[in-house]
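Peer 1: Turn this into a structure:
(one chain, ligands or ions: 1)
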Amino acid sequence: MHPKTVKQNIQYGTAGFRTKASNLGYIMYRMGLLAVLRSRYKQGVIGVMITASHNPESDNGVKLIDPHGEMMEQSWEELATRIANVQDDELEAVIKEIVQEYNIDMSTRVNILIGKDTRPSSPSLSKSVVDGILALSGKPVDYGIVTTPQLHYFVKCRNTQNAYGVGTEEGYYTKLVTAFKKLRGDNYTNGNYTNRVLYDGANGVGARKIKYFQERLGESLKIELYNDAGIGTGKLNYLCGADYVKSQQSFPTGVPVEPNVRCVSVDGDADRIVYYYVDEDNKFHLLDGDRIATLIAGYLKELVLGTGIDLNLGLIQTAYANGASTDYITRQLQVPVACVSTGVKHLHHKALEYDVGVYFEANGHGTVIFSKNAKDKLNEAAKNNSLSEEQQKVANKLLALIDVINETVGDAISDMLLVETILHAKGWGVQQWEETYTDLPNKLLKVTVEDRNVISTKDAERQCTTPVGLQEEIDTLVKKYNKGRSFVRPSGTEDIVRVYAEAATQEETDKLAAEVATKVYELAGGIGTMPEIPA
Ligand SMILES: CC(=O)N[C@H]1[C@@H](OP(=O)(O)O)O[C@H](CO)[C@@H](O)[C@@H]1O
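Peer 2: Numbering: from 1, shown residues only. So this is what the prediction gives:
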């Protein structure tokens, strides 16, 4: 059987395909071929991660990881689509074309690292990837079941001859845990901070891998694991996991409800994380990617100032970031904020422009990247006796923090260790963290339209340029509401248009979202039921 067109299933520049199982083996085989071409072209080790989206119903997909642990550029995403969709009898010709077009030396030996999540289909799909790699004489190196960010880390280690870290699972745990323990010192609690966190593993690889951390962290951070079903038993991300908690704004199943105790949920491949808790009145409180980002950026700014080194630090968000978070970080913390289009590749690339680039999507995917300049200056400062003892100490602290962070991509577990380090350093419980600012009420709606591509956008997706007249309608609606903001964009991963709205109260927000959704339905070819506007 020939694969269905998979173009619409490409996601965030990782050549991630999400489609139904019947044709996945074909796609995986072809992604194996693509990985070998890409590896020869980039002259470096490439990673192939078999994992899918947060949707418990979605079957598996694949992400390709570039030599620095980053994601492929647009032109190769297009090649991925081309290879995935070509008819069998044209495949060879297409490969030849690509080889010629990109001047690829097909005689080089290349290693392709393969990782997979815990979905039952992973082993057979991984076999298809291996077949594709072997078909073009590449060498597959199987890392077995790992988190997506672990595979990104291994790829980077391999390409830097282990300068970034030792490229094994043990190397990964040791790097993160050693730095975490160094920062934590011997006092595991501090002020309002207690060293206990409830961890929702989403019945996935994040549950498996946290056990290695539990063993190594011991009493320094007591992690209680929930939603740890074995392979093929508990459903991945079902009623649990980061996406469920963020989108439902409610407690996941399986985690005991204890007032004021910090809880975290990771997603199925452990590249996203959100924090939350319930208060004494059983009210649910979410601390999402925006909150994590502001906590990290604020703390890093303090430390950078403490070293006296001139480093430019910035926070990168998308239009989905809560307006209150942007306001807080720019006005109160005085950290510059950049807004880019949805998708980690956009955030990651922008973050590379700073000495210290913090990036997070509201859904909890993010990390921090430090430039070579920043690392060199910090290493120099740590040893520079003409600086004050305090400045040297802070430089050392920052260097240890860099080792807690997986700079290659958003890493739920590394992010958790970073947040725990900061809360510990500040002596904050989850409430003090939450008190920094108050989220504006917000709402996300989906509208199904005939063709989502009739919506085009500019200004980091905050304005739509087509269909003609829609933006004016949105502007008029937004003006009616106190602190109103709304934008619409076609989803990159689902066949829908997303509508985002925020305003001063939940009632106003719900109304604004529904009104904008109705305009989208009317002007962009809505199908199915019309969105309902609350009275
Ligand atoms: C509003 C929203 O959550 N969008 C998500 C979603 O993208 P869409 O293009 O909106 O479908 O999936 C992406 C991949 O997981 C993620 O990067 C992004 O943040």
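
Peer 1: Look up how far Glu380 lies from the residue lying farthest from the centre of the chain.
Peer 2: Distance from the centre of the chain peaks at Ser386, with 40.2 Å (CA atoms, centre = their mean). Separation of Ser386 from Glu380 (CB to CB, to the nearest Å) stands at 11 Å. To be clear about C-beta, it is placed using only N, CA and C from the backbone, and glycine gets the same treatment.

Peer 1: Outline the domain layout of this protein.
Peer 2: Per the record, the chain has its domains at 7-145, 171-287, 290-411, 442-523, by automatic domain parsing.

Peer 1: quick check, distance from the last one to the centre of its chain.
Peer 2: I take that to be domain 442-523. Centre-to-centre, domain 442-523 and its host chain are 23 Å apart (CA atoms, centre = their mean, to the nearest Å).

Peer 1: got the end-to-end distance for that domain?
Peer 2: 23 Å (CA to CA, to the nearest Å).

Peer 1: Likewise for the third one?
Peer 2: Between the opening and closing residues of domain 290-411 we find a distance of 15 Å, counting by CA to CA.

Peer 1: wait, Thr307 sits on Lys393?
Peer 2: No - contact between Thr307 and Lys393 fails when scored by CB atoms under 8 Å: they sit 9.3 Å apart.

Peer 1: which residues of the stretch 1-150 of the chain score low on pLDDT?
Peer 2: Applying pLDDT under 70 to the stretch 1-150 of the chain flags the ranges 1-23, 53-60, 69-71.

Peer 1: ok, residues contacting stretch 114-125?
Peer 2: 21, 24-25, 28, 47-52, 59-60, 62, 126, 129-130, 133, 140-148, 150-151, 154, 203-205, 208, 231-232, 236, 268-269 (CB atoms under 8 Å, 6 or more residues apart in numbering).

Peer 1: What's the PyMOL syntax to select whichever of the residues you listed are buried?
Peer 2: The PyMOL selection below is limited to those of the contacts of stretch 114-125 classed as buried (16 or more other CB atoms under 10 Å):
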select buried, resi 24+25+28+47+48+49+50+51+52+59+60+62+126+129+130+133+140+143+145+146+147+148+150+151+154+203+204+205+208+231+236+268+269
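
Peer 1: What about the contacts of stretch 114-125, which are in strands?
Peer 2: Among the contacts of stretch 114-125, the ones falling in strands (DSSP state E) are Gly47, Val48, Met49, Ile50, Val62, Pro140, Val141, Asp142, Tyr143, Gly144, Ile145.

Peer 1: quick one, strands of the stretch 401-535 of the chain?
Peer 2: 442-447, 456-458, 463-466, 485-490, 497-502 (DSSP state E, counting those that start in this stretch).

Peer 1: ok now do Leu151, which residues does it touch?
Peer 2: Contact analysis of Leu151 by CB under 8 Å, 6+ apart lists Gly47, Met49, Ile65, Leu113, Gly115, Tyr143.

Peer 1: State the pLDDT value of it.
Peer 2: pLDDT, Leu151: 96.

Peer 1: Does the closest residue to it other than its chain neighbours lie in a helix or a strand, and which?
Peer 2: Once flanking residues are discounted, Leu151 sits nearest to Gly115: 3.7 Å by CB to CB, 6 or more residues apart in numbering. Secondary structure assignment for Gly115, by DSSP states H and E: strand 111-116.

Peer 1: in a helix, that's where Tyr277 is, yeah?
Peer 2: No - under DSSP: H, G, I helix; E, B strand; the rest coil, Tyr277 falls outside any helix and is assigned strand.

Peer 1: List the beta-bridge partners for it.
Peer 2: His285 (DSSP bridges).

Peer 1: what's around it, how many residues?
Peer 2: As a burial measure, Tyr277 scores 23 neighbours (other CB atoms under 10 Å).

Peer 1: Test my guess that it contacts Ser265.
Peer 2: No - with contact defined as CB under 8 Å, Tyr277 does not count as touching Ser265 (11.7 Å).

Peer 1: Is the ligand within reach of stretch 266-276?
Peer 2: No - no part of stretch 266-276 sits near the ligand under the criterion CB under 6 Å from any ligand atom; the closest distance found is 8.0 Å.

Peer 1: From one end of that stretch to the other, what's the distance?
Peer 2: Span of stretch 266-276 from end to end, CA to CA: 12 Å.

Peer 1: re earlier: neighbour count for Thr307 and Lys393, which is higher?
Peer 2: Taking neighbours as other CB under 10 Å, Thr307 and Lys393 compare with Thr307 leading, 23 against 14.

Peer 1: Now do the contacts for that one.
Peer 2: So Thr307 contacts Leu378, Ala381, Leu387, Gln391, Val394, Ala395, Leu398 (CB under 8 Å, 6+ apart).
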